[in-house]
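J.: just a sequence and a predicted model for now, questions to come.
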Amino acid sequence: MKPKKSPVFSISVGLAVAFVLVGVLFTDQLNAGLATAQSFMFETFGWYYQLLVTGMFLFAVYLAFGRFGKIKLGPQDGKPEFSRPVWFSMLFSAGIGIGLFFYGVSEPIGHFSSPPYGEGGTPADAVSGVAYTWLHWGFHAWAIYALVALALALQQFRYNTPGLMSSTLYSVLGSRVKGPIGHTVDIIAVFATLFGVAASLGLGAQQVNSGLVFLFDAPYNFTIQLIIMMIITVIFVISASTGIHKGIKYLSTINISISFIFLVFIFITGPTLFMLNMFVSGLAEYLSIFIPMSLQVNPVNEQASSWTESWTIFYWAWWISWTPFVGMFIARISKGRTIREFIVGVILVPSFVMFIWFAFVGGTGIYYELYEGLEVSAQSLETALFYVLQELPFTAFMSFFTIIIVTIFFVTTADSATFVLGMQSTNGNLNPSTRIKITWGVLFVSITAILLLVGGLQAFQTAIVISALPLSFIVILMCVGLVKTLNKEVKGKKS
């Protein structure tokens, strides 16, 4: 049966086009407006994001190990659509992607050299640099994804509702989710997805450009990054036309495989013993800061407050803005799993991989600065990884290999995003048309280009934080709806 037309597509496309036009015609004004908005949002809502994300993690733990854990996402006798290895690779590629390589060295070395407390750059800051990175990429991030994906999968596969953000609010808002209120929810989700994914793609374009600088002495500028994005657009449009069972599935498997090869190379050729010690010590540090740093806002310490705003609050907003994208994608590939298996799988497995990745890749950068005198922390975020690769064997090959990996992640993220945006804007259609996906692909690449033009990383941060705020209220209602739905499910079994 053909899904009914939804006004979400036309309204969202119209607003996205308007944003692109404003960026082209009023670049300076948009840049100034984003800067003002960023300062206001960070300073005003930092406490809110800290409480919200910590609460979401605790709620996810409750759902996994409470009385709802055995309920399946789909019929109780249903089987998972994908094997566990394929499932892990697909959710991992969609949920992390380019950020692994962009922040792999740059974030741990950044926290090492400029921590929230103290001067930084000392041996005592080395482990903290990795642990603070884990805070941002570990349990909290994946708990946010897990809850939104759980609400979507439960409604979609167990109760056969459209795969929309608005559908998850039915137990809270009733039939109103099918009218203007529901459409507004879905439009907010579309825009959060657009800006969240645009940030990731913008970082990817910057890093590929940086790699070309190291390899071929290419210029580093907006024009080169725009050309990179145009080439990527052609590639992911081809991939998007093949559907989820071919393009996305195969690219996700390739991503995980070659990323594993990269990690093994770093482990073997880098400071191996230091990495292992960093991993074990990082676990102890991470557990010790997990609760304090999850709730820290630092109202009387300017250094710590600035660090929390520019790192922790930014990340919480980024993960929330990605929830429609990642949540819908994870929900789509998770049919047939129990709530307990789903939450444990989505939170623990990717987080553990994150711990290894940043301990090894980030630890290598810290080692070379701490013991070899290399000025890794002086490099820009997008160049830090290539700078460290210069100290390892096969520098040119590994730098080129890294560009290839980032490019494939770029394509996978864009491919997955067009699929999800197509679902959101066509009333939950599980197989949106190629035309719809291409439309969204062109639009979010255009938005990425505009944000790169008006302010780079700062513009991405602002767009993310602004789009995440209204979405965060929707996420809270989703959690309330989850409890009501699951309670009704349990009561129905007893009766």
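T.: Now that the structure is in, tell me what you want to look at. Here the structure is a predicted model, which means the values were calculated and not measured. Numbers count the residues shown, from 1 in each chain.
J.: look up how far residue 141 lies from residue 309.
T.: Computed with CB to CB, to the nearest Å, the distance linking residue 309 and residue 141 is 18 Å. For every residue, glycine as well, the C-beta is placed using N, CA and C.
J.: show me what contacts residue 340?
T.: 64-65, 69-70 (CB atoms under 8 Å, 6 or more residues apart in numbering).
J.: tell me the pLDDT of it.
T.: Here, the pLDDT recorded for residue 340 equals 94.
J.: three-state assignment of it?
T.: helix (DSSP: H, G, I helix; E, B strand; the rest coil).
J.: among the contacts of residue 340, name the buried ones.
T.: For these, a neighbour count by 16 or more other CB atoms under 10 Å gives the buried set as 64, 69.
J.: now the contacts of residue 340 in JSON lines, with secondary structure?
T.: Formatted as JSON lines, the contacts of residue 340 follow (three-state DSSP):
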{"residue": "64", "secondary structure": "helix"}
{"residue": "65", "secondary structure": "helix"}
{"residue": "69", "secondary structure": "coil"}
{"residue": "70", "secondary structure": "coil"}
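J.: and which of the contacts of residue 340 is nearest to residue 365?
T.: Closest approach to residue 365 among these (CB to CB): residue 64, at 34.2 Å.
J.: quick check: chain neighbours aside, which residue is closest to that closest one?
T.: Nearest residue to residue 64 in three dimensions, chain neighbours excluded: residue 343, at 3.9 Å (CB to CB, 6 or more residues apart in numbering).
J.: give the contact list for that neighbour.
T.: Residue 343 makes contact with 60-61, 63-64, 146, 150, according to CB under 8 Å, 6+ apart.
J.: and if we set it to 10 Å?
T.: By CB atoms under 10 Å, 6 or more residues apart in numbering, the contact set of residue 343 is 60-65, 68-69, 142-143, 146-147, 149-150, 337.
J.: neighbour-wise, which of those residues leads?
T.: residue 146 (31 neighbours; other CB atoms under 10 Å).
J.: and the pLDDT at it?
T.: 94.
J.: cool, residue 420 as well?
T.: For residue 420, the model assigns a pLDDT of 80.
J.: that one and residue 322, how far apart?
T.: Using CB to CB, residue 420 is found at 10 Å from residue 322.
J.: out of the two, which sits in the busier spot?
T.: The neighbour comparison of residue 420 against residue 322 (other CB under 10 Å) goes to residue 322, with 31 against 27.
J.: quick one: the helices in the stretch 301-450 of the chain?
T.: Assigned by DSSP state H, counting those that start in this stretch, the helices in the stretch 301-450 of the chain fall at 302-307, 314-322, 328-332, 339-357, 363-371, 384-389, 395-424, 434-454.
J.: quick one: residues contacting residue 83.
T.: Contact partners of residue 83, counting by CB under 10 Å, 6+ apart, are residue 89.
J.: can you offset everything so residue one is 295?
T.: Sure, I'll start counting at 295 from here, so that last one is residue 377.
J.: phi, psi for it please.
T.: Backbone dihedrals for residue 377, given as degrees, to the nearest 10, come out at phi -70, psi 160.
J.: for the stretch 295-444 of the chain, which residues score under the pLDDT cut-off?
T.: Counting by pLDDT under 70, the stretch 295-444 of the chain contains low-confidence residues at 295-299, 385-391.
J.: quick one: the helices in it?
T.: Using DSSP H, counting those that start in this stretch, helices in the stretch 295-444 of the chain cover 301-319, 321-359, 378-389, 393-396, 400-407, 417-431, 433-447.
J.: would TSV of these with distance to residue 465 be doable?
T.: What follows is the helices of the stretch 295-444 of the chain, written out as TSV (distance: least, CB to CB, whole Å):
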stretch	distance to residue 465
helix 301-319	21
helix 321-359	15
helix 378-389	25
helix 393-396	34
helix 400-407	39
helix 417-431	32
helix 433-447	10
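J.: returning to that earlier point: among the helices of the stretch 595-744 of the chain, which comes closest to residue 559?
T.: Residue 559 lies closest to helix 689-718 among the helices of the stretch 595-744 of the chain, at 6.7 Å (CB to CB).
J.: and the closest residue to residue 561 other than its chain neighbours, what does it touch?
T.: Using CB to CB, 6+ apart and skipping the chain neighbours, the partner closest in space to residue 561 is residue 654 (5.5 Å). Shown in contact with residue 654 (CB under 10 Å, 6+ apart): 398, 424, 557-558, 560-561, 564-566, 568-570, 572-573.
J.: between those residues, which is closest to residue 482?
T.: Once CB to CB is applied, the member of those that ends up nearest residue 482 is residue 398, at 31.5 Å.
J.: count of residues packed around the residue nearest to residue 425 when sequence neighbours are not counted?
T.: In space, and not counting its chain neighbours, residue 425 is closest to residue 579: 3.7 Å by CB to CB, 6+ apart. Residues within reach of residue 579, counting by other CB under 10 Å, total 19.
J.: check residue 729 too.
T.: Using other CB under 10 Å: residue 729 sits among 9 other residues.
J.: just checking, it touches residue 719?
T.: No: using CB atoms under 10 Å, residue 729 is not in contact with residue 719; the gap is 11.9 Å.
J.: stretch 410-417: how far from the chain's middle?
T.: Per CA atoms, centre = their mean, to the nearest Å, the displacement of stretch 410-417 from the mean C-alpha position of its chain is 28 Å.
J.: same deal with stretch 565-579?
T.: Counting by CA atoms, centre = their mean, stretch 565-579 comes out at 25 Å from the chain centroid.
J.: show me what that stretch is in contact with.
T.: Stretch 565-579 is contacted by residues 402, 420-429, 560-561, 649-650, 652-658, 660-662, 664-666, 685 when judged by CB under 10 Å, 6+ apart.
J.: list only buried entries from those.
T.: Taking 16+ other CB under 10 Å as the criterion, what is buried in the contacts of stretch 565-579 is 402, 420-429, 560-561, 649, 652-658, 660-662, 664, 685.
J.: any idea of the pLDDT on residue 789?
T.: 50.
J.: typo on my end, residue 526
T.: You'll see residue 526 listed with a pLDDT of 81.
J.: residues near it, how many?
T.: Neighbour count of residue 526, defined by other CB under 10 Å: 23.
J.: which residues does the closest residue to residue 409 other than its chain neighbours contact?
T.: Once flanking residues are discounted, residue 409 sits nearest to residue 419: 5.4 Å by CB to CB, 6+ apart. Contact analysis of residue 419 by CB under 10 Å, 6+ apart lists 405-409, 411-413, 426, 660, 664.
J.: before we move on, the earlier item: please convert the contacts of residue 634 to a markdown table, extending it with distance to residue 594.
T.: A markdown table is the format used below for these (distance: CB to CB, whole Å):
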| residue | distance to residue 594 |
| --- | --- |
| 358 | 37 |
| 359 | 37 |
| 363 | 42 |
| 364 | 47 |
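J.: how about residue 511, phi and psi?
T.: Per-residue torsions, residue 511: phi 60, psi 40 (degrees, to the nearest 10).
J.: now it: how far from residue 352?
T.: For residue 511, the distance to residue 352 - CB to CB - is 51 Å.
J.: ok, those two, which is more surrounded?
T.: Using other CB under 10 Å as the criterion, residue 511 and residue 352 rank with residue 352 on top: 10 against 7.
J.: surely that one and residue 437 touch.
T.: Yes: proximity of residue 352 to residue 437 meets the contact threshold set by CB under 10 Å, at 8.5 Å.
J.: got the contact list for the closest residue to residue 615 other than its chain neighbours?
T.: Counting by CB to CB, 6+ apart, residue 615 lies nearest to residue 490, which is 3.5 Å off, once chain neighbours are set aside. By CB under 10 Å, 6+ apart, the residues touching residue 490 are 611-620, 711, 738, 754, 757-758, 761-762, 765.
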